[in-house]
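Engineer: fold the following, please.
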Amino acid sequence: MSRDRFIAGGVFALGVALVGGYAISQMAGPVMAQAEDGPGPNLVIDVAGLANGQIVIDLLPDVAPAHVAQITALAREGQYDDVVFHRVIDGFMAQTGDVQFGKAGGDTGRAGMGGSSLPDIAAEFSQISFDRGVVGMARSSDPNSANSQFFIMFAPGPFLDGQYTVVGRVVSGMDVVDAIKKGEGSNGEVNDPDRMAKVTVAE
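Structural biologist: Coordinates of the predicted model:
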């Protein structure tokens, strides 16, 4: 059985169905303000490709301490550098972070199926809703299988609440998030995807 890490199973299917209604209708209205920067740390992502610019994510160690520790460790090691946005669904979310199979310049055909050399992380669910700009951890059907992959919401997705771990919020660069090259088809796989050219941690 493959270890696809994504917004899994029925929830993912529901999310795609709702993109046709709820989520896209939210995008059609006034654009929501970006979240205010908190105590951090911040994940700073330099994006290259169709989208070019910087995304700053305020990580939430008080909400998901184990997940934030793993993300920051991978970023400090340079593991996220040149990792592609392999699954991007317009009006829903952009997914990246497969440090095993998602490196640009190589064969990214298995992107979304890998993780890192670090262990999987037990779920840290919270009451935070998956609003536009919220960052969550991708996983398989096992709630305790998140590892390195994460996704950024283009629009509200309340159907994900309490089922995926929230790790942060975009506080700068939502225009860059919106410009990330979109995938085609129901799973949103991207041909010639945009990438995270450099990912650093700012305290």
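
Engineer: what comes up buried for stretch 46-55?
Structural biologist: Buried residues in stretch 46-55, defined by neighbour count with 16 or more other Cβ atoms under 10 Å: Asp46, Val47, Gly49, Ala51, Ile55. Where C-beta positions appear, they are placed from N, C-alpha and C, glycine not excepted.

Engineer: what comes into contact with that stretch?
Structural biologist: 44-45, 152, 170, 172-177, 179-181, 192-199 (Cβ atoms under 8 Å, 6 or more residues apart in numbering).

Engineer: filter the residues you listed down to the ones in helices?
Structural biologist: Met174, Asp175, Val176, Val177, Ala179 (DSSP state H).

Engineer: most neighbours among the residues you listed, which one?
Structural biologist: Among the ones in helices among the contacts of stretch 46-55, Val177 has the most neighbours (other Cβ atoms under 10 Å), with 25 neighbours.

Engineer: my read: Met93 touches Phe150, true?
Structural biologist: No: taking contacts as Cβ atoms under 8 Å, Met93 lies outside contact range of Phe150: 9.7 Å.

Engineer: looking at these two, which one has more neighbours?
Structural biologist: Neighbours were counted for Met93 and for Phe150 using other Cβ under 10 Å; Met93 has more, 29 against 25.

Engineer: distance of the closest residue to the more buried one other than its chain neighbours from Val135?
Structural biologist: Computed as Cβ to Cβ, 6 or more residues apart in numbering, the closest residue to Met93 that is not its neighbour in sequence is Phe151, at 4.4 Å. Taking Cβ to Cβ, to the nearest Å as the measure, Phe151 falls 7 Å from Val135.

Engineer: could you do Leu160 as well?
Structural biologist: Taking Cβ to Cβ, one finds Leu160 at 12 Å from Val135.

Engineer: and the two? Which one has more around it.
Structural biologist: Val135 (25 against 22).

Engineer: and the end-to-end length of stretch 135-144?
Structural biologist: The straight-line separation of the ends of stretch 135-144 (Cα to Cα, to the nearest Å) is 17 Å.
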